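Novice: Let me see the structure of the following:
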Amino acid sequence: MASAITQDYASLTALFMDDGKGREVVLENDDSSPTTFEHPSSFFDSDVRTLVKTTLNGNRSYQMIDVRSNNALITPKHELLANFVAPDRSHLGSDSSHTIFQASGKIAHVDHDMAGRRLPTEILYDKEGLRLFDEITRMESQEYYLTACEEDILKNQMYRLIPFIPDGCAIVELGCGSMAKTAVFLDAIRKAGKKDICFYAIDIEQTSLESSIEDLIAFEEEQQGNSDNKFRYSGILGSYNQALETNVLKNLGRPKVFLWLGSSIGNWTRDDATEFLSTFSDSVMQPFDLFMIGMDQRNDPDTIARAYNDSAGITRDFGLNGLRHLNKLIGQNVFNVEDFEYFAGYNVKEGRHEAYLRSKKDQSLAIPAEFSPLSSVVNLKENELINYEFSYKYSIEEIQELCNRTRFHLSELLFDSTNRYRFAVLSKAAFAPVPKNKVGRATFPELYEFEEVWKLWHTLTSPVIMKNPLEKPIQLRHPLIFYVGHIPAFEDIHQSRHLGEPLTEPTYFASIFERGINPVVEDPSKCHAHSEVPDQWPDIETVRAYASIVHDRVRRVVGNITFASDGKIEPGKQRLGRQLSVCLEHTIMHAETYVYMLVQLQRELLPKSLMPAYLRSVSHVTKPIKSAYWMDIQQAEVESGIDNYERDDGKSALPISIEFGWDNETPVRKFKGQTSLRAQSRPVTCYEYLHFIKTIDDNDERKQLVPGSWIELADGKYAMLTLFGPIEVERCMNCPVTLSYKLAEKYQKHLQTVLGDPTIRIPTEEEWVVMQSQIKDNDCHEDIDFHNWMPAPLKEDTPHKIGSVWEWTSTVFDSYSGFEQSQIYPGYSADFFDGLHNVVRGGSWCTHGRVANRLRNFYQRSYPYAFIGVRFVRDVAASELKC
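Specialist: Modelled structure (predicted):
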């Protein structure tokens, strides 16, 4: 007998599940488990039951994981009618009324005094409600377009989603109704050869959940036959919150892909959706886990209104059935369904469809005491509205904002063929990016800043990325394990000095992890003072345990800091703030150092599914962008730096907004361009540098020009080193090239010859700062904070401000008038006033937002590995400048 899904698969038409139950075995916290499954009952919380069920034909088994509490209601009795008994108008806004657009161009007004009562959306989904909703999604008229649009994406664009799905992952679907779309999704993954997949569906309705799982299994059997590539299936019986409150989702032990279809996110207010996704992100997801979400968009009002007010009246019946279900939950006939009617429309301002039940007359409803501690009688006026569902719609900007607020990256956004619906792929970020208004701000560090930076560091040094801690990607540097120990050792040393407390055990870690090596590139025998290098490094788990203890120490210190009631930093806390800022930004800078070391391993360290979309597409053809245009830069006086010397710590209270920074950033200096000039609108691209290399006939000379961020392939082509492994330069030709200052000078001479202009040069720091002041802010913040996990392509017609790469200046890193050497970290700047280093400014794709576009960074001119690019300036007579 063909499964319901098979009968429906080709056309994706109506799908109804059988109500048959399989045989049940209850494992009450038994350590044993069928070999088919990974998790015995004891793997989860003590109040979670694992039920092993067998399909009707007896061929396959599946798990039912029961996370329900003793109360069958998802919403407790005393909360079920809380917002009905006591009206809450907070969701309606501050106005006295608002307009909604109804089907066929009708306009109605919602009086807020008559619209404050609400009922929970869950009342809609009893067995009859699920049947009605399925009927809505399958109407031949397709007035409810959301389902057809989502199916269009899943049928025609699964090839764009499959690369995101890793082998050995757990796919967890939120909600379970008709599984036709899920079947399409899973079948495409299976046919693509994905192995060892575990599928979980979460739902509150047991019969529907069991039937859906069994149909998916039956469909797989029919499609796959005797294939060995069979997925494992489990149902999680309960609400989303109940699944989160147990450790079921957290302890799946696999990469996770959450699947939320049907624009169900629209039933949550924007704030609630943010909180919900944040809870998943923070509590059960690891970096790079995925959330795939179907999302309706802000379409024209009539299209949306007709979707929720179909000509057959099924949506109306769906809403009224909610009252019948509510009566069953209460246990008596409180609501007379005949006394209510369906009322709905689209609120354009809020971007949401609003569904109400309208009272046909004045009426009094008697509420049982256990459901209403506040009142036993509710008096409804004629035409009073009871809201039971909002359906929020999302613009692209709102989707991006949702990601920003919930620690996700928007990895992919698919559109249906009618451009009415979105399918978003969200990737869990390694840490929360810095808000744009805090980019480049060195304020008193807060605990959350440390926590987020530690999350990033934990991701970068996890076994998934750091396979061998003793690897040494750059011979001029220590092995990777040094950096795992260096970060906590640096924090511990500085906290011990400031607090006058002993070092954390093992104390000898301070002697081997305090300071790394950074020898002269041309003569590695020359190197600044550094920690002793042990004959054998400690084992990685001991170093991780040490880091955990040190981080707890920092948490205690930062967590106990309080400020005066006037919001100022008292004198006694200013040096502590500076110490903490040094520790935080030291970790930030070493995260970038660690990354440019990792890419030198020349292998895939991150899944290619995290690549930018244009690189994931094999068929995508990259074309070079137009040459950078020359921007007119006027003479101007620009301030750069921070006025906050260490010697002033403790003299007087300071505003909480005061910034700390490093010794080479103090004091504020006034930069003034000496002459008017023109500057390139962006840094040099990989394509432009590749073209330069190809002009060199001598093979040995050409090899000397290959950047340290590239390798030469066997076929004579070149590849850029990334965390995704080497990528052919032709595929990322519009990304900025990263190169040493020495190679930038070589390209400078080439450009002077091509353009016939000997004044073309690498800008001084002064010229660079003045240039930056005259470039308007754009989306530069998207090219920092690990947004793309590699340099982003430069834009053709938009001036580039910062991001993707640091930028070289021709200014030698040295002392200056007003410079005072740090006493907290004496060697930070002064040790490198050696004439070998130049100032770099801006920030790269893996520069943390706190230091981006502020930090005066510096590198040896011959150093080939850092993420630094270059743009050029040229002289021009003032009379030639545009006004």
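Novice: contacts and neighbour counts: CA atoms only from here.
Specialist: OK.
Novice: tell me which element residue 78 falls in.
Specialist: Secondary structure assigned from DSSP states H and E places residue 78 in helix 77-80.
Novice: And whichever helix or strand comes after that helix, what does it pack against?
Specialist: Once the chain leaves helix 77-80, the next helix or strand it forms, by DSSP H and E, is helix 82-85. Identification of packing neighbours for helix 82-85 by 3 or more C-alpha pairs under 8 Å, 6 or more residues apart in numbering; DSSP states H and E yields strand 117-118.
Novice: which residues touch the helix holding residue 78?
Specialist: Here helix 77-80 makes contact (C-alpha atoms under 8 Å, 6 or more residues apart in numbering) with 119, 120, 370, 371, 372, 373.
Novice: what's near enough to touch the fourth one?
Specialist: Going back to what we said before, that points to residue 371. So residue 371 contacts 77, 78, 79, 80, 81, 82, 330 (C-alpha under 8 Å, 6+ apart).
Novice: lowest-confidence helix or strand of the protein?
Specialist: strand 23-27 (a mean of 30; mean pLDDT, DSSP states H and E).
Novice: where's the spatially most central residue of the chain relative to residue 287, distance?
Specialist: Centroid check for the chain by C-alpha atoms, centre = their mean gives residue 408 as the closest residue, at 1.9 Å. Separation of residue 408 from residue 287 (C-alpha to C-alpha, to the nearest Å): 9 Å.
Novice: what touches both of those two?
Specialist: With contacts defined as C-alpha under 8 Å, 6+ apart, the residues shared by residue 408 and residue 287 are 427, 428, 429.
Novice: Make CSV out of the residues you listed and add pLDDT and neighbour count.
Specialist: Output for these, formatted as CSV (pLDDT from 0 to 100; neighbours: other C-alpha atoms under 10 Å):
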residue, pLDDT, neighbour count
427, 92, 26
428, 93, 23
429, 90, 26
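Novice: Which ones among those residues map onto strands?
Specialist: Per DSSP state E, strands hold the following members of those: 427, 428.
Novice: Now tabulate the shared contacts of residue 408 and residue 287 in JSON lines and tack on distance to residue 844.
Specialist: As requested, the shared contacts of residue 408 and residue 287 are exported to JSON lines (distance: C-alpha to C-alpha, whole Å):
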{"residue": "427", "distance to residue 844": "21"}
{"residue": "428", "distance to residue 844": "21"}
{"residue": "429", "distance to residue 844": "17"}
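Novice: List just the nearest of the shared contacts of residue 408 and residue 287 to residue 163.
Specialist: residue 427 (13.0 Å; C-alpha to C-alpha).
Novice: Give me the neighbour count for the residue lying closest to that closest one once chain neighbours are set aside.
Specialist: Closest residue to residue 427 apart from its sequence neighbours, by C-alpha to C-alpha, 6 or more residues apart in numbering: residue 290 at 4.6 Å. Neighbourhood size, residue 290 [other C-alpha atoms under 10 Å]: 26.
Novice: Check what pLDDT residue 154 gets.
Specialist: Listed pLDDT for residue 154 reads 93.
Novice: Around it, how many other residues sit close by?
Specialist: Counted with other C-alpha under 10 Å, the neighbours of residue 154 add up to 21.
Novice: quick one, what contacts it?
Specialist: Counting by C-alpha under 8 Å, 6+ apart, residue 154 has contacts 181, 184, 185.
Novice: Tell me which other helices or strands the host helix or strand of the second one touches.
Specialist: With elements taken from DSSP H and E, the one containing residue 184 is helix 180-191. Under the contact criterion of 3+ C-alpha pairs under 8 Å, 6+ apart, helix 180-191 touches helix 4-9, helix 146-156, helix 206-224.
Novice: JSON lines for those, including distance to residue 693?
Specialist: Shown next, in JSON lines, are the helices and strands packed on helix 180-191 (distance: least, C-alpha to C-alpha, whole Å):
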{"stretch": "helix 4-9", "distance to residue 693": "54"}
{"stretch": "helix 146-156", "distance to residue 693": "42"}
{"stretch": "helix 206-224", "distance to residue 693": "52"}
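Novice: Of those, which is nearest residue 696?
Specialist: Nearest to residue 696 among the helices and strands packed on helix 180-191 is helix 146-156 (46.5 Å), distances taken as C-alpha to C-alpha.
Novice: residue boundaries of the helices in the stretch 651-800 of the chain?
Specialist: Using DSSP state H, counting those that start in this stretch, the helices of the stretch 651-800 of the chain run over 686-694, 699-704, 741-755, 765-773.
Novice: which one of these is the most hemmed in?
Specialist: When the helices of the stretch 651-800 of the chain are scored by mean count of other C-alpha atoms under 10 Å, the highest mean neighbour count falls to helix 765-773 (a mean of 22).
Novice: before we move on, the earlier item: shouldn't the residue nearest to residue 427 be in contact with residue 412?
Specialist: No - contact criterion C-alpha atoms under 8 Å: residue 290 and residue 412 do not qualify, at 10.8 Å.
Novice: Overlap of the contact sets of these two?
Specialist: Common neighbours of residue 290 and residue 412 (C-alpha under 8 Å, 6+ apart) are 425, 426.
Novice: Could you count how many residues lie near the residue lying closest to residue 370 once chain neighbours are set aside?
Specialist: Once flanking residues are discounted, residue 370 sits nearest to residue 78: 6.2 Å by C-alpha to C-alpha, 6+ apart. Using other C-alpha under 10 Å, residue 78 has 13 neighbouring residues.
Novice: Check the one 3 residues further on too.
Specialist: Neighbours of residue 81 under the rule other C-alpha under 10 Å: 20.
Novice: so what's the nearest residue in space to residue 119 that is not next to it in sequence up against?
Specialist: Spatial nearest neighbour of residue 119, excluding adjacent residues (C-alpha to C-alpha, 6+ apart): residue 388 at 4.9 Å. Neighbouring residues of residue 388 by C-alpha under 8 Å, 6+ apart: 118, 119, 120, 121, 355, 356, 357.
Novice: In ChimeraX, select just the buried ones from the residues you listed.
Specialist: What follows is the ChimeraX syntax selecting those of those that are buried according to 16 or more other C-alpha atoms under 10 Å:
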select :118,119,120,355,356,357
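Novice: May I see the buried residues of stretch 369-387?
Specialist: Those would be 371, 372, 380, 383, 384, 385, 386, 387, for stretch 369-387 by 16+ other C-alpha under 10 Å.
Novice: Could you list the low-confidence segments of the stretch 351-500 of the chain?
Specialist: Across the stretch 351-500 of the chain, residues meeting the criterion (pLDDT under 70) sit at 373-375.
Novice: mind listing the helices for it?
Specialist: With DSSP H, counting those that start in this stretch as the criterion, the stretch 351-500 of the chain has helices at 396-406, 447-460, 480-499.
Novice: Pull up the gap between the residue nearest to residue 370 and residue 365, please.
Specialist: Distance from residue 78 to residue 365, by C-alpha to C-alpha: 16 Å.
Novice: Kindly report the same for residue 169.
Specialist: 51 Å.
Novice: out of the two, which sits in the busier spot?
Specialist: Taking other C-alpha under 10 Å, residue 169 and residue 365 do not tie; residue 169 has more neighbours (20 against 15).
Novice: show me the contacts for residue 474.
Specialist: Counting by C-alpha under 8 Å, 6+ apart, residue 474 touches 597, 600.
Novice: do the same with residue 830
Specialist: 814, 815, 821.
Novice: number of nearby residues for residue 298?
Specialist: 19.
Novice: With residue 590 instead?
Specialist: Per other C-alpha under 10 Å, the neighbour tally for residue 590 reads 16.
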